[in-house]
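> the sequence isn't on hand, but the structure is:
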């Protein structure tokens, strides 16, 4: 191999260097040729890249702000999930012979009933929501509509799972650690 620092290595060498986290820049060339020079470069870079107290404080403030935002987001999603759970709990009908939400019986003189597109349960006209799906108008019960809204508003469609609600109170001022959202699989 020619030891010219301006010649780009071939694809095989680049692939091997990428696997061992080594580049082909000027500093990589110097590191491979002169190990003593390598140590001086590293020490100078560390001295130049050390953070000041003001920068550290700014980073801590950013992390605290991120923690607060994530806590607020977690609360918002928790409220959406609670609302959906309350709607499911308050549903009194069986969905076969009566409205799943308000328990109105299906009969000849009663209100018109539709079948929910998602859960396939019977819903009266007043408890259903008309929406567009693939250029068709479909009917959803309020529970399935709320479930769709939850998936949209919580970005669960992106993660393909609903976010997990934590009931633990968080102390925002305790540490600047980042609270990560945990996701659980749902079917």
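Yep, it's here. Not measured: the values here are computed from a predicted model.
> against residue 141, how distant is the nearest residue to residue 133 once chain neighbours are set aside?
Take residue 133 and drop its neighbours on the chain: the residue closest to it by C-beta to C-beta, 6 or more residues apart in numbering is residue 117, 7.0 Å away. For the C-beta atoms, the positions are set from N, CA and C on the backbone; glycine is no exception. Residue 117 is 9 Å from residue 141, where distance means C-beta to C-beta, to the nearest Å.
> got it, and residue 131?
Taken as C-beta to C-beta, the spacing of residue 131 relative to residue 141 amounts to 11 Å.
> so what's the residue nearest to residue 133 up against?
Applying C-beta atoms under 8 Å, 6 or more residues apart in numbering to residue 117 gives the contacts 133, 138-140, 144.
> so for residue 131 and residue 141, which sits in the more crowded spot?
Neighbour count, other C-beta atoms under 10 Å: between residue 131 and residue 141, residue 141 has more, with 29 against 14.
> now do the phi/psi pair for that one.
Dihedral angles of residue 141 (phi, psi; degrees, to the nearest 10) stand at phi -70, psi 160.
> that's a helix at residue 137, yeah?
No - going by DSSP: H, G, I helix; E, B strand; the rest coil, the assignment for residue 137 is strand, not a helix.
> that one: what's its closest spatial neighbour, skipping adjacent residues?
Residue 137 sits nearest to residue 130 (C-beta to C-beta, 6+ apart), 5.6 Å away.
> partner residues bridging the one you found?
Taking DSSP bridges, one finds residue 139 as the beta-bridge partners of residue 130.
> switch to numbering from 458
Happy to do that; since the first residue is 458 now, the last one works out to residue 587.
> residues contacting it?
By C-beta under 8 Å, 6+ apart, the contact list for residue 587 reads 594-596.
> and the residue nearest to residue 590, how close does it get to residue 606?
With distances taken as C-beta to C-beta, residue 574 is found 15 Å from residue 606.
> please apply the same query to residue 466.
Distance, residue 466 to residue 606, using C-beta to C-beta: 54 Å.
> check residue 617 too.
Residue 617 is 17 Å from residue 606, by C-beta to C-beta.
> between the two, tell me which one has more neighbours.
Neighbours per residue (other C-beta under 10 Å) separate residue 617 from residue 606, with residue 606 holding more: 13 against 10.
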